[in-house]
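>>> after the sequence you'll find the predicted model.
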Amino acid sequence: MTHQPRIDTSPPVSDEVRKTTCYMCACRCGINVHMKAGKVAYIEGNRDHPVNKGVLCAKGSAGIMQHNAPSRLRAPMKRVGPRGSGEFQEISWDEALQIACDWLEPIRKTDPSKLAFFTGRDQSQSFTSFWAQNFGTPNYAAHGGFCSVNMAAAGIYTMGGAFWEFGQPDWDLTKLFILFGVAEDHDSNPIKMGIGRIKARGARVIGVNPIRTGYNAVADDWVGITPGTDGLFILSLIHELMRAGKIDLDYLARYTNAPVLVNADPAAPEHGLFLRDEGGKPLVIDRKTGRPAAFDTPGIHPDLSATHEVDGITHRPVMHLMAERYLDPQYAPEAVADRCGIAPDKIRRIAAEIARVAFDEAITLDREWTDFRGETHQTMVGRPVSFHAMRGISAHSNGFQTARALHVLQILLGTVEVPGGFRFKPPYPKPVSAHPTPHCHAQPDCPLDGPHLGFVRGPGDLALKPDGSPARIDKAFTWENPMSSHGLMHMVISNAHAGDPYRIDTLFLYMANMAWNSSMNTRGVMEMLTDRDETGDYVIPRIIYSDAYSSEMVAYADLILPDTTYLERHDCISLLDRPICEADAAADAIRWPVVAPDRPGHAGARGFQTVLIQLANKLKLPGFTGADGTPTYTDYADYMVNHQRKPGIGPLMGFRGDGSDTGRGAPNPAQLDRYIENGGFFVSHIPEAAQYYKPWNMAYQDWAVGIGLFDTPQPYVFDLYVETMRKFQLAAEGHGARQPPDHLRDRIKATMDPLPIWYPPFEDAASDTEEFPIHALTQRPMAMYHSWGTQNAWLRQIHGHNPLYLPSKLWQEHGFTEGDWARVTSPHGMITVPVAHMAALNEHTVWTWNAIGKRKGAWALSEDAPEATRGFLLNHLIHELLPPRGDGLRWSNSDPITGQAAWFDLRVKIEKAPPPDESQPAYPPIKSPVGQGPDHLEWKVGA
Amino acid sequence: MHPAASVIAFTTLSGAGFGLLFWLGLGLPAITGWAAFTFFAIGFALAAGGLMASTFHLGHPERAWKAFSQWRSSWLSREGVCAVAALLSMAAYGAGLVFFGTRLAPLGWLGAALCLGTVFTTSMIYAQLGTVPRWKNPLTPVLFVSIALGGGALLAGQVTATMALLALAGLVQVLWWRQGDRALADSATDMASATGLGRIGAVRSFAPPHTGTNYLLREMVHEVGRKHAARLRVIALALGYAIPVALLALPFNHALAAVAVLSHLAGIATSRWLFFAEAEHVVGLYYGRR
Amino acid sequence: MTTLPKTTTRKLGLVIDLDTCVGCHACVTACKGWNTENYGAPLSDQQPYGAAPSGTFLNRIHSYEVQPAQGTAQLVHFPKSCLHCEDAPCVTVCPTGASYKRVEDGIVLVNESDCIGCGLCAWACPYGAREMDAAEGVMKKCTLCVDRIYNENLPEVDRVPACVRTCPAGARHFGDLGDPESDVSKLVAERGGMDLMPEQGTKPVNKYLPPRPRDRLDEVDVLAPLLAPVAEEPKGFLGWLDRTLERF
């Protein structure tokens, strides 16, 4: 006889579930935080949440270890040792705020541009930029410049939105999904869920990536492309598709600027600009009448082929220019194959498969809709091919044009905003015309003249001082990178140290590990942060830093403002900046303190946004101060509820007015309670008839106005041809009042092409590719996000150190065996690191996991932690500047259009090396301001 | 497998102890009184001491008594039951010899059988494990029992029997090594069957689940250099079998016999270290290791 | 009880889709979180912030590189936890009866209060499914979240193992593999679900769905015909464009 122990299969799970938003990465999933006796007992995904629908990644599921990490900062601190030593003294919040005010107030009164305020992993940009704007400094941006501005800007300039937060594949209907480059680290759960759904249906996934890990490992077909050549590959696909006539002419004629007429006279000062009517609207030829008409005239059928002569000058439709450009044999598969590392036949097969699915497997939904020209369509036709890309194709010096090429490919196929294709998420689609232009006019004791960041429409919008010098410390929106819509955070320290374009007084950073993995040229940045001038003062005089954890950057600041963990804070994930919308719905969310910040025996941590409000109140910043001089907001929660950008429009769209208004409505004092009751988020669904063709669908446009996204409908056509870029080329050709410096003219002419082009990454031209023949890449593991994961006792067991993965060819060529080390050299630096073999890898590429390597003494780890002894950063090999050319100029290692940091252009050479004691370079330990974590954990909060 | 000192000590010492008690149970040598006391004390010290040593590697030694319950299915439980029964019956039998000068022969035979049974059950703990192809071998119990009999005979001063049995055990040892060296390769288990991916192509471990170590790797994956192992085998053969036999071939001398015993125990301990250290657990295949 | 039940009423287990698993480790930490807070002793960690961090995990993800005879190498992410075998060798070797297989659902469990921490069950398991907790000295293993799947304090939809609930790619499925009509059984039948180490005779309940064939576009015969050109140069293309637009 068997007898079994009786076990309780229905134990109580928790006393209470508190629903908030995850912050272990930028995915912003909904989480259920299970509480026992007031403590966090278990964290799981929230099933009702629009982003993750219950699932949760490894990071989110390990959130309990993040929240309780011993590396949490415990009190404000002022530096007492030299910068970089990690020697601090804990101080009170009153003293900390007073020190900050004593530094900031004189700056504001005299020259606000002496403050550079940059935020790293920030998702409250509408708030932080509002603060910076009211402070009056032009020097504000978040981290997009070294993240993915190429992707974002190329998308917005081309089609009014890009991937990730801007839109998503139509996961339910797509039949072919093509993924370019590393994309595992953004929108991570929705993409995993989407790939799962696609695979469950048996639809095909193609991965285009030098490395076959993660999503590429599950892709049905893998294209092991050579880094930096994605644009060339895409243009070759376009060549093949156009050559075969496999493009959606109806879609192109109706919804893009393919029929728009372009001045074709090379001698004209308007060469390459659109023919416009008096109202400034681009003109097309109407096929019905054969006469020119504004592109949005009701009832017209724009002609893709007709040319038009005005005053003896021929105007040709964009489609003509595209045919000339892309049918050129330079884009034939044979011509690009070697450079891309893809066989010509494979390129042809992929083009054929794309065409087959787009045109032979088209889908039709019986949904009536009316377009912006007033025409009613009985059905919605879809071409079920979808694409996604993120930093992989973006972080190259040709990334903007490559991202543009990808968007143009989607548009040629007619797959954007159609069933089965790519779909925008509110507040996108949003044309460039609905975005602000950049503002940079700083005056003492005054707010800035407008938002810092925006989308330039031409040279007139550049952030230049009257003398033509850069107005911003990061040189965003200058001739070096005119369309740098996210700023250039990666250049701030370098420029501030060089005093180029000017010196600053205070560098104020939030959650940006610039002294380690968030900088190129890590050693150089550490040196710049600690460099002193001839008087013995630091060259960058003051540094204020806010972070929740004892990161490497903490040691390099003078004043530390400790932030809370994600479970201890208010946040809003707002439609004003980076919401959590879905293609079928607008959605936003909050974080709220599910537990109170608790740092026994110390002054404690405060949410950074609340600290900014407290600073604003002390400084009496406009925007934060009432007419009577009293503070408008007590803390960030107060701001989230009561701030209004425009009457009735605030950070949160849900439960406005008496609680029943959505989007527009008066502030509701009970708004946060309603969000908490609702699971921490709010969703407003898009009506069915408005769910596709959004840029042109009047039902969508009306819905968007109703909810407050726009004040009037904003229909537009996609810009295959970006006229703004042509304006910069014209300036470089000598036209117009604002002229670029001579040394940049050729580069602007070559790179600011209004139709997508490909050119080799700049690093290839700047360094000897014979000597440095290998591409070196990093990617974030799915179980970690930047350096945060390392302090997490569970996650660091999964990724405690990182080898450099070598393809079979290099592995055999150099005779490597398991356990070997290699010396890796770039034109800029040298590292010695452990290696491992990987066959499923482009044969010219090596790679490693990003940000596993740690500085000794950081993150409350022991100094002999494997992250510090075997882990390493590739960052040491990358410089924020290109190698000197002997012209005395500092050429940044960035995309020439947007300034995006060109991390992935890195070239190296590899030699076998005797194993050192630890990865090289090794740096001396920094003193941990929080001590070291315990030597064992048995974490159970319940009985 | 991890060569844990406690388990090596346990199997070496208790094997010899139960071997000695086996011979005593048969009435060899025929002794009573203090002489019997000495022999029995040595036997009990080795057997029971080994058992004690084996509890050192338990997570919860205080619950060890629960291990007697599952004799119907578990060789480890059977070993415990057998060992206690052997020790109790040998204690009663020994008490008769030591205190009453009486030999209860049937009780001795029963005790001897239980002693051998204990060694057999110990060996079956290993021999039953399909997860360790080197151990899953009918020769494993033969090896354990022959070593125990030989070692026991040596301790019991049974010169002729010792020479014969140790020679036999040495032969079994060599055969066992020969078979063991190809056991994993001969088994149907490999990375292809472990992962089920063999139908696609050649399988290689790309990355372990965690970059650090874990219980499984510490406990079941132990890689021994081939040269090192070969050297140790020679030492084990020499110390465990050849030298004791050679020494016994010389005219009998207590000092030489003591050296023979120590040599034998050292050799068997070496053999046992190899028994574990060379044993490949199939879980290592998941890590691309042995 | 150490002896195995002759049959179990149900055969609850997991079906793991190797075609879809992206190797994100979500199931690893969701499992660690739930089972640290729930059934039995917490899953402890030694040197969690030190030089050799090592803790107890009931579910781990391996990665394998597979090189086909022809074509490019593939990478397969491979989650592994207890397979709840029908002929579970870990159960029969247990000397105390702490390890047992439940009659009602086939879940293999350890009764921690009876476990002496001898480790023999871990030796007997070919899959590495059992880990001795270094702090508690008892054997830990996947419980198939026995304290979730029947838990009346959870909404019905959540009565699945933590790893299944959290898996973003939907690569983990839970159900009764003894019922041929269950979703999981149908999935196994459709996709050729396989046993790990079938030769070990353990009869695992958990099944693995093999990766679908990869890189089929490289195989000429399965491919749609390549694109036929309408024009070889811009002029011809514009002619085609005109002709085509006529038909609109």
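Arrived safely, thanks for sending.

>>> and the closest residue to chain B within chain C, how many neighbours does it have?
Closest to chain B within chain C is residue C:117: 1.9 Å, counting by C-beta to the nearest C-beta. The C-beta positions use only the backbone N, C-alpha and C, and glycine is treated the same way. For residue C:117, the count of nearby residues is 19 (other C-beta atoms under 10 Å in any protein chain shown).

>>> please apply the same query to residue A:836.
Using other C-beta under 10 Å: residue A:836 sits among 17 other residues.

>>> got it, and residue A:797?
Residue A:797: 27 neighbours (other C-beta under 10 Å).

>>> nearest residue to the residue of chain C closest to chain B in space, please, no chain neighbours.
Distances taken as C-beta to C-beta, 6 or more residues apart in numbering or on different chains place residue B:59 nearest to residue C:117, at 1.9 Å, with adjacent residues excluded.

>>> same question for residue B:288.
According to C-beta to C-beta, 6+ apart, the nearest residue to residue B:288 is residue B:205 (2.9 Å).

>>> re earlier: and the residue nearest to residue C:117, that's in a helix?
No: with DSSP: H, G, I helix; E, B strand; the rest coil as the criterion, residue B:59 is coil rather than part of a helix.

>>> quick one: low-confidence ranges for chain C?
Within chain C, the stretches with pLDDT under 70 are C:1-2, C:220-224.

>>> show me what from the stretch 301-450 of chain A comes close to chain C.
Proximity of the stretch 301-450 of chain A to chain C, by C-beta under 8 Å from any C-beta of the partner chain, involves residues A:301, A:303-305, A:319-320, A:323-324, A:327-328, A:346, A:348-353, A:355-356.

>>> which residues in the stretch 301-450 of chain A form helices?
In the stretch 301-450 of chain A, the helices defined using DSSP state H, counting those that start in this stretch lie at A:318-326, A:333-340, A:344-355, A:391-394, A:399-413.

>>> number of nearby residues for whatever residue of the stretch 601-750 of chain A ends up closest to chain C?
Of all residues in the stretch 601-750 of chain A, the one sitting closest to chain C is residue A:679 (13.5 Å; C-beta to the nearest C-beta). By the measure other C-beta under 10 Å, the count of residues near residue A:679 is 21.

>>> who's in contact with it?
Residues in contact with residue A:679 (C-beta atoms under 8 Å, 6 or more residues apart in numbering or on different chains) are A:19, A:30, A:46, A:48, A:49.

>>> make sure the first one is indeed in a strand.
Yes: with three-state DSSP as the criterion, residue A:19 is assigned to a strand.

>>> got a pLDDT number for it?
In this model, residue A:19 is scored at 98, pLDDT.

>>> up against chain A, what does chain B have?
Residues of chain B that fall close to chain A, judged by C-beta under 8 Å from any C-beta: B:204, B:206, B:207, B:209, B:210, B:211, B:212.

>>> give me that answer again for 6 Å
Proximity of chain B to chain A, by C-beta under 6 Å from any C-beta of the partner chain, involves residues B:210, B:211, B:212.

>>> just to revisit the earlier point, got phi/psi on the residue nearest to residue C:117?
Here is the backbone geometry of residue B:59 (degrees, to the nearest 10): phi -70, psi -30.

>>> on that earlier part again, out of the residues of chain B next to chain A, flag the one nearest to residue A:119.
The closest of those to residue A:119 turns out to be residue B:211 (C-beta to C-beta; 31.4 Å).

>>> does the closest one count as helix, strand or coil?
Three-state call for residue B:211 (three-state DSSP): coil.

>>> quick one: residues contacting it.
Applying C-beta atoms under 6 Å, 6 or more residues apart in numbering or on different chains, we find residue B:211 in contact with A:799, A:800, A:801.

>>> name the member of those residues with the most neighbours.
residue A:799 (27 neighbours).

>>> surely that one is in contact with residue A:779?
No: counting by C-beta atoms under 6 Å, residue A:799 sits too far from residue A:779 to count as a contact (11.8 Å).

>>> hang on, residue A:507 in a helix?
No: counting by three-state DSSP, residue A:507 falls outside a helix, being strand.

>>> and it, bridged to which residues?
residue A:116, residue A:543 (DSSP bridges).

>>> list the buried residues for the helix or strand bottoming out on mean pLDDT in chain B?
When each helix and strand of chain B is scored by mean pLDDT, DSSP states H and E, helix B:33-55 comes last, with a mean of 92. Of the residues in helix B:33-55, those with enough neighbours to count as buried (16 or more other C-beta atoms under 10 Å in any protein chain shown) are B:36-37, B:39-40, B:42-44, B:46-48, B:50-51, B:53-55.

>>> that helix: what's the following helix or strand?
Once the chain leaves helix B:33-55, the next helix or strand it forms, by DSSP states H and E, is helix B:75-100.

>>> all helices of chain C, in order?
Using DSSP state H, the helices of chain C run over C:26-37, C:89-92, C:120-124, C:146-149, C:162-166, C:183-191, C:234-246.

>>> can you say which of those is nearest to residue A:243?
Of all the helices of chain C, helix C:234-246 sits nearest to residue A:243, with 7.4 Å by C-beta to C-beta.
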